[in-house]
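Engineer: could you look at this predicted model? Sequence included:
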Amino acid sequence: MKYAFIGLMTLLFTAAAAAQQPGDQELIRIDGNKAKGFDYAYYIYVPKALREPARNGKQNSFIVIPNNTGKISDDITVHDADVKRKISAIGAYMTSSGILAPMLMPVFPRPETEHRIYTHSLDRDTMLTDKKEFSRYDLQLAAMIRDARERLKLEGIATEKKVIMQGYSASGMFVNRFVFMHPELVKAAIVGAPGGWAIAPVGEHEGQRLTFPAGVADLKEVAGKKFDLKAVRRVPLFLLLGGDDTNDAVPMGDAYDARESSLVINLFGRTPVERFPHTEKLYKAAGLNVEFKLYPKTGHQMSKEMRDDQFAFMKKHALP
């Protein structure tokens, strides 16, 4: 399972888009800064048009995509190179598709020596580990967002306070969980194929206590703050899954602890597709502003229809 999750949006892009090389001003790497709350570097992609005089002072959307290398490695340069490649391709593609917004992607490691800490999915271990180098990537990402907005402001590029998030596979899990922990930071979010289960917006189901990441029963203990259902309701969500997707993190020991794994399987089904209607029912019963879509004859991959639907969702919520 460690190697099964594919890169988040890699399959979105044509060879032509991937071949576009950003200039020095478009792609910026920011080193980690412990004093500002983040230990690792991040990249910002800034479309050239945002620096034109006509855009000066105009507010822009800000897009955040958590990184997902798709493999474990203790070599941070492996993750850094993966982020640089992906944000360059994604940024160029988004710009050419009419989404003119700066984009941020963190360079979070996914360790081999501590392989049960599935950092790129923001799992329970990442939230609770006493190993500071692998802990609380949600707070580090929030700090990166603050830092990036300040840097962009100094360049005359104003951004909305709330970001648009997108994630697929492991990074879909990250986005899903980040929204539930920090809804005040998110304007809208896309959660693609989130490892077989999207966190339930309830703390109990059929008499069973749904602990994180099965549900939100102990979110205060895990994240230091209670689940704010009213705030999450204000975040438009788009959850998508391939109808033939069998890539399932739930039974794997790295992504889920045994208790939460058993809860999800016993209460909601043995496969991602079998669980998807349960997620939809729970989300809609909780009053969340959410759209669900299952794509027939599609596995754990990014089809053109998925790509087009995600860009349509982004355009709907992004500033012109």
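Structural biologist: The structure has been received and is ready for your questions.
Engineer: now the spatially most distant residue from the centre of the chain: how far from residue 151?
Structural biologist: When distances to the mean C-alpha position of the chain are computed (C-alpha atoms, centre = their mean), the maximum falls on residue 53, with 32.1 Å. Look at residue 53 and residue 151: by C-beta to C-beta, to the nearest Å, they are 20 Å apart. Any C-beta I mention is one placed from the backbone N, CA and C, and that applies to glycine too.
Engineer: name the element the spatially closest residue to residue 127 that is not a sequence neighbour belongs to?
Structural biologist: Closest residue in space to residue 127, ignoring its immediate chain neighbours: residue 222 at 4.9 Å, by C-beta to C-beta, 6 or more residues apart in numbering. Under DSSP states H and E, the secondary-structure element containing residue 222 is helix 219-223.
Engineer: and the gap between the residue nearest to residue 127 and residue 116?
Structural biologist: Taking C-beta to C-beta as the measure, residue 222 and residue 116 are separated by 16 Å.
Engineer: neighbour count for these two, which is higher?
Structural biologist: More crowded of residue 222 and residue 116, by other C-beta atoms under 10 Å: residue 222, with 17 against 14.
Engineer: I'd say the more buried one and residue 212 touch.
Structural biologist: Yes: between residue 222 and residue 212 a contact is recorded at 4.6 Å, counting by C-beta atoms under 8 Å.
Engineer: who touches both of the two?
Structural biologist: Applying C-beta atoms under 8 Å, 6 or more residues apart in numbering, one finds that residue 222 and residue 212 are jointly contacted by 124, 127.
Engineer: thinking again about what came up before, contacting residues around the residue nearest to residue 127?
Structural biologist: Going by C-beta under 8 Å, 6+ apart, the list of residues near residue 222 reads 124, 127, 128, 212.
Engineer: skipping adjacent residues, who's closest to residue 184 in space?
Structural biologist: residue 231 is the one closest to residue 184 (C-beta to C-beta, 6+ apart), at 5.8 Å.
Engineer: can you verify the one you found is assigned to a helix?
Structural biologist: Yes: when DSSP: H, G, I helix; E, B strand; the rest coil is applied, residue 231 is found to be in a helix.
Engineer: can you read off the pLDDT for it?
Structural biologist: On pLDDT, residue 231 comes in at 98.
Engineer: how about residue 307?
Structural biologist: Per the predicted model, pLDDT is 94 at residue 307.
Engineer: how about the host helix or strand of it: buried residues?
Structural biologist: Following DSSP H and E, one finds residue 307 within helix 304-317. For helix 304-317, the neighbour count (16 or more other C-beta atoms under 10 Å) marks 306, 307, 309, 310, 311, 313, 314 as buried.
Engineer: swap in stretch 173-186?
Structural biologist: Buried residues in stretch 173-186 (16+ other C-beta under 10 Å): 173-183, 185-186.
Engineer: next up, the contacts around the nearest residue to residue 267 once chain neighbours are set aside.
Structural biologist: Among residues not flanking residue 267 along the chain, residue 205 sits closest, at 5.8 Å (C-beta to C-beta, 6+ apart). Taking C-beta under 8 Å, 6+ apart, we find residue 205 in contact with 215, 267, 282.
Engineer: so which of these is the most crowded?
Structural biologist: Comparing those on neighbour count, residue 215 comes out first with 26 neighbours (neighbours: other C-beta under 10 Å).
Engineer: if we can go back for a sec, in TSV, list the buried residues of helix 304-317 along with distance to residue 33.
Structural biologist: Written out in TSV, the entries for the buried residues of helix 304-317 read as follows (distance: C-beta to C-beta, whole Å):
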residue	distance to residue 33
306	35
307	34
309	36
310	31
311	32
313	32
314	29
